[in-house]
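Participant: Could you look at this predicted model? Sequence included:
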Amino acid sequence: GRRFFTTEKGYMGLGPPTLQPGDVICVIFGGITPFALRKQESDFSSSSQNIRYRLVGECYLHGIMHGEAINELEEGT
């Protein structure tokens, strides 16, 4: 099964059943689909250099599946 979700920008999508509020939906360069990532607590210092994410799974995100994220990046939106 898949889990329905919406993003802060208003996009709608389907993700893994383990998706949780606060997970990050991202487009990884070279990837075919967007992915859900979860920020991990770290035993290391709280420096931003030590932030780690765990892969939750791939997603379908309506409006981002055909290169729209790259267009937004280039436009600065």
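Facilitator: Happy to help now that I have it.
Participant: can you give me phi and psi for Asn50?
Facilitator: phi -110, psi 10 (degrees, to the nearest 10).
Participant: In the chain, which residue is most central in space?
Facilitator: Nearest to the mean C-alpha position of the chain, counting by C-alpha atoms, centre = their mean, stands Ile25 at 1.2 Å.
Participant: so which helix or strand takes in that one?
Facilitator: strand 24-26 (DSSP states H and E).
Participant: quick one, what contacts Lys39?
Facilitator: 22, 24, 51-53 (C-beta atoms under 8 Å, 6 or more residues apart in numbering). Any C-beta I mention is one placed from the backbone N, CA and C, and that applies to glycine too.
Participant: Compare those residues and tell me which has the most neighbours.
Facilitator: Highest neighbour count within the contacts of Lys39: Tyr53, with 14 neighbours (other C-beta atoms under 10 Å).
Participant: Identify the residues contacting it.
Facilitator: Applying C-beta under 8 Å, 6+ apart, the residues contacting Tyr53 are 24, 37-40.
Participant: let's go with 6 Å and repeat that
Facilitator: Taking C-beta atoms under 6 Å, 6 or more residues apart in numbering, we find Tyr53 in contact with 37, 39.
Participant: now the helices for this protein?
Facilitator: 68-75 (DSSP state H).
Participant: From Cys59, how far out is Arg52?
Facilitator: Using C-beta to C-beta, to the nearest Å, one gets 20 Å for the distance from Arg52 to Cys59.
Participant: ugh, wrong one, I meant Arg3
Facilitator: Distance from Arg3 to Cys59, counting by C-beta to C-beta: 9 Å.
Participant: out of those two, which sits in the busier spot?
Facilitator: More crowded of Arg3 and Cys59, by other C-beta under 10 Å: Cys59, with 24 against 15.
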